[in-house]
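**Student:** Structure for this input, please:
(one chain, ligands or ions: 1)
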Amino acid sequence: GEMGRKFVVGGNWKMNGTKSQINEILAFLKQGPLNESTEIIVGVPAIYLDHVKSNAPANVEVAAQNCYKVDKGAFTGEISPVMLKDIGVNWVILGHSERRQIFQESDELVAEKVSFALSNGLRVIACIGETLQEREAGKTEEVVFRQTQAIANKIKDWYDVVIAYEPVWAIGTGKTATPQQAQEVHQALRQWISQNISPDVANSIRIQYGGSVTGANAQELASQPDIDGFLVGGASLKPEFVNIVNARQ
Ligand SMILES: O=C(COP(=O)(O)O)NO
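**Tutor:** Numbering: from 1, shown residues only. Predicted structure coming up:
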């Protein structure tokens, strides 16, 4: 990728899959062919993490879709980053818009989760993005800067962080941001990072685009200089995910 940033494509399965459906996904991932120079991470429902970890191809990393901000204790239903490391899971998706919108996770809680996950040796895909209302009010940049600032307030090192910019109005809607719309936000965010964190972090951090990415639109999006990969929902459950992984040669 640009400036030596390794292209990274995440597949967020969300709350989808049975063991047999997952085995079908693993089969098409195994068949590939998957571009060797692209980093691939699949976001798996927690209950299947060990199964996928044990059966995924070597070049496919496994991520949890959430975890808590404490290592153990009386937090019924929650998952600890320590447990994820214990079963060899090295990635976690945090702050997904569905966690923020449906499960009311605040910027603060997301930032605490990111910080705790990193301090426990996990790598993080940190999700940000504006709602349609915020975009229509011209607040897109204000929102994504605020969400990134909240994380910056809690962490020191960014080398184990990938940012996923996912405009909420494009998630699951079939309404994809145009390559220009996406590039504009990615570029503004990278600029903001350069000014508010450091030029080094700005140049090296990967910023994924997410929101109705498909095999048909992935290549044009991938050609944008500040788009370093994708976080794919619906299409990651289908064989076309292979085309999305290979969108940048
Ligand atoms: O939420 C998403 C995007 O979902 P879709 O690709 O289904 O729009 N990625 O985390």
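**Student:** interface residues of the chain facing the ligand?
**Tutor:** Residues of the chain lying close to the ligand by CB under 6 Å from any ligand atom are 12, 96, 166, 171-172, 210-213, 231-235. Glycine gets a C-beta too; all of them are placed from N, C-alpha and C.
**Student:** Find the pair from those residues with maximum spatial separation.
**Tutor:** Spatial extent of the residues of the chain next to the ligand (CB to CB) is set by the pair 96 and 235 at 16.2 Å.
**Student:** Settle it for me: which of the two has more neighbours?
**Tutor:** Ranked by neighbour count (other CB atoms under 10 Å), residue 96 and residue 235 place residue 96 first, with 28 against 20.
**Student:** biggest helix in this protein by residues?
**Tutor:** In terms of residue count, the longest helix belonging to the chain (DSSP state H) is helix 179-196.
**Student:** Now residue 43. Its backbone dihedrals?
**Tutor:** Backbone torsions for residue 43, taken as degrees, to the nearest 10, come to phi -90, psi 110.
**Student:** residues in contact with the residue nearest to it when sequence neighbours are not counted?
**Tutor:** Counting by CB to CB, 6 or more residues apart in numbering, the nearest residue to residue 43 once its immediate chain neighbours are dropped is residue 12, at 4.2 Å. Applying CB atoms under 8 Å, 6 or more residues apart in numbering to residue 12 gives the contacts 43, 65, 93, 96, 210, 231, 232, 233, 236.
**Student:** would you turn those into JSON lines with distance to residue 222 and secondary structure?
**Tutor:** Formatted as JSON lines, those follow (distance: CB to CB, whole Å; DSSP: H, G, I helix; E, B strand; the rest coil):
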{"residue": "43", "distance to residue 222": "19", "secondary structure": "strand"}
{"residue": "65", "distance to residue 222": "24", "secondary structure": "coil"}
{"residue": "93", "distance to residue 222": "20", "secondary structure": "strand"}
{"residue": "96", "distance to residue 222": "22", "secondary structure": "coil"}
{"residue": "210", "distance to residue 222": "13", "secondary structure": "coil"}
{"residue": "231", "distance to residue 222": "13", "secondary structure": "strand"}
{"residue": "232", "distance to residue 222": "12", "secondary structure": "strand"}
{"residue": "233", "distance to residue 222": "17", "secondary structure": "coil"}
{"residue": "236", "distance to residue 222": "15", "secondary structure": "helix"}
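**Student:** Out of these, which comes closest to the ligand?
**Tutor:** residue 233 (2.2 Å; CB to the nearest ligand atom).
**Student:** Just list the residues touching the closest one, thanks.
**Tutor:** Neighbouring residues of residue 233 by CB under 8 Å, 6+ apart: 12, 14, 171, 172, 210, 212.
**Student:** Select only the buried ones of those in ChimeraX?
**Tutor:** Those of the contacts of residue 233 that count as buried under 16 or more other CB atoms under 10 Å are selected in ChimeraX with:
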select :12,14,171,210,212
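**Student:** And the furthest pair within the contacts of residue 233?
**Tutor:** Largest separation among these by CB to CB: 14 and 212, giving 13.6 Å.
**Student:** on that earlier part again, give me the buried positions along the longest helix of the chain.
**Tutor:** 179, 181, 182, 183, 184, 185, 186, 188, 189, 190, 192, 193.
**Student:** for the helix or strand harbouring residue 242, which positions count as buried?
**Tutor:** Assigned by DSSP states H and E, residue 242 belongs to helix 241-245. By neighbour count on 16+ other CB under 10 Å, the buried set for helix 241-245 is 241, 242, 244, 245.
**Student:** Please compute how far that helix lies from its chain's middle.
**Tutor:** How far helix 241-245 lies from its chain's middle: 15 Å, per CA atoms, centre = their mean, to the nearest Å.
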